[in-house]
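Just a sequence and a predicted model for now, questions to come.
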Amino acid sequence: MDCCSNKTTIRSNDDKKIMVSRLNRIEGQIRGITNMINDDRYCDDILIQLSAVDKSIKSLANLILEKHMKSCVKENILNGNDSVLDEIVDLFKRFQ
């Protein structure tokens, strides 16, 4: 990933493929939960699937965060832009 001053991130095709694949899987999980609700499935079964979606989203968020830290944040710090640390602190606050 390369970072630009206009706050965009250029991702490799491999990174995009991995992230989009995970998002497609999450989207499929959500559709499955919708079907479960429409089919009057048992609450516990739906809650288990919701927990799985939550874990999938957190896993994707962690992947993106890791890539962000190893590229954008690192690049900014090496270029003397320490204000990126405030951005990271705000991100961690949002994760809580």
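Structure received. Being a predicted model, the structure only gives us computed values, none of them experimental.

residue at max distance from the center of this protein?
Each residue of the chain has a distance to the centre, and by Cα atoms, centre = their mean the biggest one is for Asp40: 30.2 Å.

Mind pulling the model confidence for it?
Looking at Asp40, its pLDDT stands at 98.

Also the one 5 residues further on?
Here the pLDDT value assigned to Asp45 is 98.

OK, contacts around it?
Met36 (Cβ atoms under 8 Å, 6 or more residues apart in numbering). Quick note: C-beta positions are derived from backbone N, CA and C, even for glycine.

distance of the residue nearest to the spatial centre of the chain from Cys43?
By Cα atoms, centre = their mean, the chain has its centre lying nearest to Ala61, at 2.5 Å. Noted for Ala61: a distance of 26 Å to Cys43, by Cβ to Cβ, to the nearest Å.

all strands for this structure, in order.
Counting by DSSP state E, the chain has strands at residues 2-3, 9-10.

Which of these comes out lowest on mean pLDDT?
Looking at the strands of the chain, the bottom one is strand 2-3 with a mean of 54.

and the residue nearest to the centre of the chain, what does it touch?
By Cβ under 8 Å, 6+ apart, the contact set of Ala61 is Phe95.

worst-scoring helix or strand of this structure, pLDDT-wise?
Lowest mean confidence among the helices and strands of the chain (mean pLDDT, DSSP states H and E): strand 2-3, at a mean of 54.

Tell me how far the closest residue to Gln29 other than its chain neighbours lies from Thr34.
Counting by Cβ to Cβ, 6 or more residues apart in numbering, Val53 is the residue found nearest to Gln29 once chain neighbours are left out, at 4.8 Å. Shown here: Val53 relative to Thr34, a distance of 11 Å by Cβ to Cβ.
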